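Novice: Pasted the sequence and its predicted model underneath.
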Amino acid sequence: MEIGNRSAAALGASTTLGELFAWRVSQTPQAEAYRQFDAQSAQWISYTWAEMAARVAACAAALAALELPHAAKVAILLPNGVEAVCIDQASLALGMVPVPMHALDNPDSIAYIVNDCDASVLVVTNYAQWAAIAGAAAAMPALKLVAVAGGDIPAHPAAPASGPVMLVALRDWLAVAAGSSPARLPAVAAADLAAIVYTSGTTGKPKGVMLTHANILANVRALTGCVKVGTADVFLSFLPLSHTFERTVGYYLPIAAGSCVAYVRSVAQIADDLQAVRPTALVSVPRIYERFHAKLEETMAASGAVTRALFALAQAVGWRQFSRRQHLPPAAGGAAWLDALLEPLTRRLVARKVLARFGGRLRFAVCGGAPMSQAVAQCFLGMGLPLLQGYGMTETSPVVCNNTVEDNWPATVGKVLDGVQVRIGENQELQVRGASVMRGYWKRPEDSANTFTGDGWLRTGDQASIVDGRVRITGRIKEIIVTSTGEKVAPADLELAIIADALFDQAFVIGENRPFVAAFVVLNPAAWAALARRLNVADEPASLGLNAVRDAALAQIQQMCKSFPAYAVPRAVRMELTPWSIENSLMTPTLKLKRKNLLAHFEGETEDVYRKRG
C-alpha cells in the first residue's frame with residue numbers, strides 16, 4: 001500500500017516524531033521495519049515494528065532511570081542500524097534531544113560537539129572510539145554517562161579533561177533496565193527540539209542546527225505529497241544518520257510510509273548489498289553515483305570496440321527518449337521514430353545490465369547534498385535509472401525542492417515542496433521560508449540572526465534562478481573565486497567537470513587573488529596505471545611530478561573544461577594518489593570538500609605552482 005490520503009491524514013495527527021513512530025507501530029505491527037546484517041550468523045536479520053517498539057521501550061527505561069532534565073542532550077555516535085534508531089526514538093519519546101554524529105568523524109571534532117551541545121549521554125561504537133575522544137583537548141563537563149555498544153571496557157578506562165564519567169556496556173545498561181517498569185513518557189510539544197544536527201564544517205567549526213519536531217514533520221508531510229512510497233518499498237540506507245538528508249528522507253519518511261529500511265554493512269560493500277537487498281528506493285549523495293559511473297567507464301575502457309559502441313548508443317538513445325518523455329529541450333541526435341525502435345533493443349542488451357548493478361528493481365533513486373555532474377546524470381537517466389535530484393540544507397530539515405518521477409528536469413533541482421516558499425534575493429541568493437526552517441543555531445544568536453533577512457527569510461548562501469517554477473542552483477556565494485584579474489569562477493562547477501573524466505577521482509580548484517585557476521586532483525588508480533603505460537613512465541607517486549605526466553593530465557582537464565570561459569579553465573595541475581577523506585580531515589562527514597583544510601594541505605605546492613607560472 002502506498003501512502004495516500006487516509007495515512008497522510010493520520011500522519012497529520014502526529015505532532016511529534018515519537019507520536020509518528022507509535023502510530024506506525026499501531027498500523028503495521030508485524031510488518032518488516034528494519035533489516036541489517038549479522039556478522040556472527042552471516043545472515044540478514046529482520047525486525048518488525050512491534051519488535052522495534054519493544055527495543056525502544058528498553059532504551060527509554062534506561063534513559064529515564066538517569067533522571068535527566070527535560071531536553072537533555074543524547075549524543076549518538078553509532079553507525080546506521082537498529083541500535084541507533086532505538087536510542088534516537090527513545091530520546092524523542094522522553095523529550096530528550098538526539099545529537100547525531102558521524103561515526104567516522106575525527107575525535108577532536110566529536111569532542112567539540114559533545115562539549116558544545118552539553119551532551120549528558122554519549123553512545124559510542126567501541127571503547128577505542130571513546131578513548132580517542134577522551135584524549136582530545138575539549139572538556140565535557142555536562143557528560144554523565146558513556147555507553148559502549150561493542151567490545152570490552154578496561155578496568156581503568158580513559159576519562160576526559162573535565163573528570164571521570166560513568167562508563168557502561170550498552171548491552172548491560174539495557175539489560176538492567178529491561179526488568180524495570182516502563183518509562184513514564186512526559187508531554188512533548190511540537191515546538192520542542194527533535195535534534196541538534198551539526199553542519200559539516202567546510203570552512204570552520206561545525207554549527208549546531210536546532211530542528212524541532214514541527215520542522216521535521218512539516219518536511220515529512222510535504223514529501224509524502226510528492227513521493228509515492230509505501231509498505232512494499234525497501235530503502236537501502238548508507239548515508240550517515242548524522243546527515244539530515246538521510247535522517248528525514250531515509251529514516252522518518254519510511255516510518256511515515258511503513259517502508260522497510262535495510263542497512264548496508266559498509267560503504268565498501270554497497271555494490272554487494274545492492275544485490276542482496278535489491279532495494280526499491282535509494283537515497284544518496286552524488287559521490288556514490290559518480291563511483292558507479294567511474295566503474296562503468298573503467299569497464300568500457302577495457303572492453304572491445306563493439307561493446308563500447310553499443311554502450312554509447314544505449315546511453316544516447318536512452319537520453320533522447322528520456323528528454324522526449326519529460327518534455328525537456330530536444331537532445332541532439334537521431335529521429336524519434338528510429339530511437340523508439342532502438343530503445344527496446346538497447347535496454348535489453350545494455351541498460352538492463354547497468355540497472356542490475358543497483359539491484360534491478362529501483363523505483364526511484366534520490367540524489368542530494370551536493371551538485372551532480374550532468375554527464376553522470378545523463379548516463380544513468382539514459383539507462384533508465386529513475387534518478388531524482390533535489391536541493392535542501394540542514395537548516396531546512398532539509399528538502400526545499402525536488403524532481404519527481406513524473407516531472408524530472410535533471411539540470412534543475414525541481415519544484416518547491418508544498419509549504420515551502422523561495423525567492424531570489426540580493427546577489428541572486430536563494431532564500432527560503434516555511435514550517436521546515438530551523439529555529440536557529442545552538443548557542444549562536446549572532447550567527448542565527450545573520451542567517452535570516454530582516455523580513456524572516458533564510459539565507460541559503462546558494463545562488464539560483466527560478467524558471468517555470470523549477471529551481472536551478474548556479475553557484476555558492478561564499479565559494480566564488482575572484483581572481484586577481486577580477487574574474488569570478490564557481491569552483492564546484494569546474495570540479496564536477498573535471499571528475500567526469502575517469503582519470504580523476506577528486507578535484508579541488510583554487511585561484512582566489514591569483515592570476516589564473518589551478519587544479520589539485522586525486523587520480524583513479526586504474527586510470528593512472530593506464531596513463532603511465534601510455535606515457536612509458538613508472539606507475540609510482542614520484543612520476544606525478546614529471547612534466548609529461550602533468551601536461552597529459554592538464555590536457556585532459558582542459559578538454560573537460562572547454563565549455564567554460566577561458567579565464568576559468570585551469571592552467572596548472574598537481575596530482576596525488578591518496579584520496580581525500582574524513583579520516584585525513586580533508587572531507588566532511590557528508591563527503592564535501594573541506595576547502596580551508598585543502599588550502600592548508602596544498603600550501604607549499606600552491607606557492608610552487610604560481611611561482612613557476614609567474
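Specialist: Looks like it arrived, so ask away.
Novice: where in the stretch 101-250 of the chain is pLDDT low?
Specialist: Scanning the stretch 101-250 of the chain for pLDDT under 70 picks out the ranges 200-204.
Novice: now do 50
Specialist: Within the stretch 101-250 of the chain, the ranges that satisfy pLDDT under 50 run 203.
Novice: any chance you could map the strands in it?
Specialist: Assigned by DSSP state E, counting those that start in this stretch, the stretch 101-250 of the chain shows strands spanning 119-126, 145-150, 166-169, 193-198, 208-212, 234-237.
Novice: Which among the ones you listed is found nearest to Ala529?
Specialist: strand 234-237 (31.4 Å; Cβ to Cβ). Placement of C-beta: from N, CA and C, glycine included.
Novice: Dump that closest one to CSV, restricted to CA.
Specialist: Extracted in CSV, the C-alpha atoms of strand 234-237 (Å, rounded to 0.1, in the frame of the first residue of the first chain):
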residue,chain,number,x,y,z
VAL,A,234,12.6,-1.3,0.8
PHE,A,235,15.1,1.5,1.3
LEU,A,236,18.9,0.8,1.3
SER,A,237,20.5,3.1,3.9
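Novice: so what does that strand touch, helix or strand wise?
Specialist: Here strand 234-237 touches strand 260-263, helix 270-277, strand 281-284, going by 3 or more Cβ pairs under 8 Å, 6 or more residues apart in numbering; DSSP states H and E.
Novice: And the lengthiest strand in the chain, what's buried?
Specialist: In terms of residue count, the longest strand belonging to the chain (DSSP state E) is strand 458-467. For strand 458-467, a neighbour-count test (16 or more other Cβ atoms under 10 Å) marks 458-464, 466 as buried.
Novice: Give me the helices and strands touching it, please.
Specialist: strand 420-424, strand 429-434, helix 445-451, strand 470-476.
Novice: Same list, the ones you listed, but as JSON lines with mean neighbour count, mean pLDDT and distance to Pro141 please.
Specialist: Listed next are these as JSON lines, based on neighbours: other Cβ atoms under 10 Å; pLDDT from 0 to 100; distance: least, Cβ to Cβ, whole Å:
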{"stretch": "strand 420-424", "mean neighbour count": "17", "mean pLDDT": "97", "distance to Pro141": "39"}
{"stretch": "strand 429-434", "mean neighbour count": "21", "mean pLDDT": "97", "distance to Pro141": "36"}
{"stretch": "helix 445-451", "mean neighbour count": "13", "mean pLDDT": "95", "distance to Pro141": "22"}
{"stretch": "strand 470-476", "mean neighbour count": "18", "mean pLDDT": "89", "distance to Pro141": "37"}
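Novice: Out of those, flag the one nearest Pro525.
Specialist: Comparing the helices and strands packed on strand 458-467 by Cβ to Cβ, strand 470-476 comes nearest, at 30.0 Å.
Novice: Give me the mean pLDDT for the helix or strand just after that closest one.
Specialist: For strand 470-476, the succeeding helix or strand toward the C-terminus, using DSSP states H and E, is strand 481-482. With pLDDT averaged residue by residue, strand 481-482 scores 83.
Novice: Okay, now the sheet partners of strand 481-482, with direction.
Specialist: Strand 481-482 has its sheet partners listed here by DSSP bridges as strand 488-489 (antiparallel).
Novice: Return, as residue ranges, the portions of this structure with sub-threshold pLDDT.
Specialist: Ranges of the chain meeting pLDDT under 50: 1, 4-7, 203.
Novice: any idea how it splits into domains?
Specialist: Domains of the chain are assigned by automatic domain parsing as 5-188+227-283, 480-613.
Novice: Mind putting these into a markdown table with mean neighbour count?
Specialist: Below are the domains of the chain laid out as a markdown table (neighbours: other Cβ atoms under 10 Å):
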| stretch | mean neighbour count |
| --- | --- |
| domain 5-188+227-283 | 19 |
| domain 480-613 | 17 |
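Novice: got those domains as a markdown table, with distance to Ser448 columns?
Specialist: Below are the domains of the chain laid out as a markdown table (distance: least, Cβ to Cβ, whole Å):
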| stretch | distance to Ser448 |
| --- | --- |
| domain 5-188+227-283 | 15 |
| domain 480-613 | 21 |
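Novice: Looking at the ones you listed, spot the one closest to Thr394.
Specialist: Distance to Thr394, taken as Cβ to Cβ, is lowest for domain 5-188+227-283 among the domains of the chain, at 4.6 Å.
Novice: how far does the closest one sit from the chain's center?
Specialist: Averaging C-alpha positions (Cα atoms, centre = their mean, to the nearest Å) puts domain 5-188+227-283 18 Å from its chain's average.
Novice: circling back: now tabulate the strands of the stretch 101-250 of the chain in CSV and tack on distance to Ala336.
Specialist: Listed next are the strands of the stretch 101-250 of the chain as CSV, based on distance: least, Cβ to Cβ, whole Å:
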stretch, distance to Ala336
strand 119-126, 55
strand 145-150, 57
strand 166-169, 65
strand 193-198, 47
strand 208-212, 47
strand 234-237, 35
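Novice: of all these, which lies closest to Arg611?
Specialist: For Arg611, the closest of the strands of the stretch 101-250 of the chain is strand 193-198, at 38.5 Å, according to Cβ to Cβ.
Novice: Show residues contacting that closest one.
Specialist: 16-17, 71, 73, 92, 97-101, 113, 117, 206-213, 215-216, 242, 244, 247, 394, 439, 442 (Cβ atoms under 8 Å, 6 or more residues apart in numbering).
Novice: Please name the residues that touch the residue nearest to Met210 when sequence neighbours are not counted.
Specialist: In space, and not counting its chain neighbours, Met210 is closest to Arg439: 4.3 Å by Cβ to Cβ, 6 or more residues apart in numbering. Each residue near Arg439 by Cβ under 8 Å, 6+ apart is listed here: 193, 210-212, 215.
Novice: can you do 10 Å?
Specialist: When contacts are counted by Cβ atoms under 10 Å, 6 or more residues apart in numbering, Arg439 touches 191, 193, 209-212, 214-215, 395, 448.
Novice: could you flag which of those residues are buried?
Specialist: Buried by 16+ other Cβ under 10 Å: 193, 209-212, 214-215, 395, 448, out of the contacts of Arg439.
Novice: how about the residues you listed in a markdown table, adding distance to Glu605?
Specialist: Formatted as a markdown table, the buried ones among the contacts of Arg439 follow (distance: Cβ to Cβ, whole Å):
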| residue | distance to Glu605 |
| --- | --- |
| Leu193 | 44 |
| Val209 | 35 |
| Met210 | 40 |
| Leu211 | 40 |
| Thr212 | 45 |
| Ala214 | 49 |
| Asn215 | 43 |
| Glu395 | 35 |
| Ser448 | 38 |
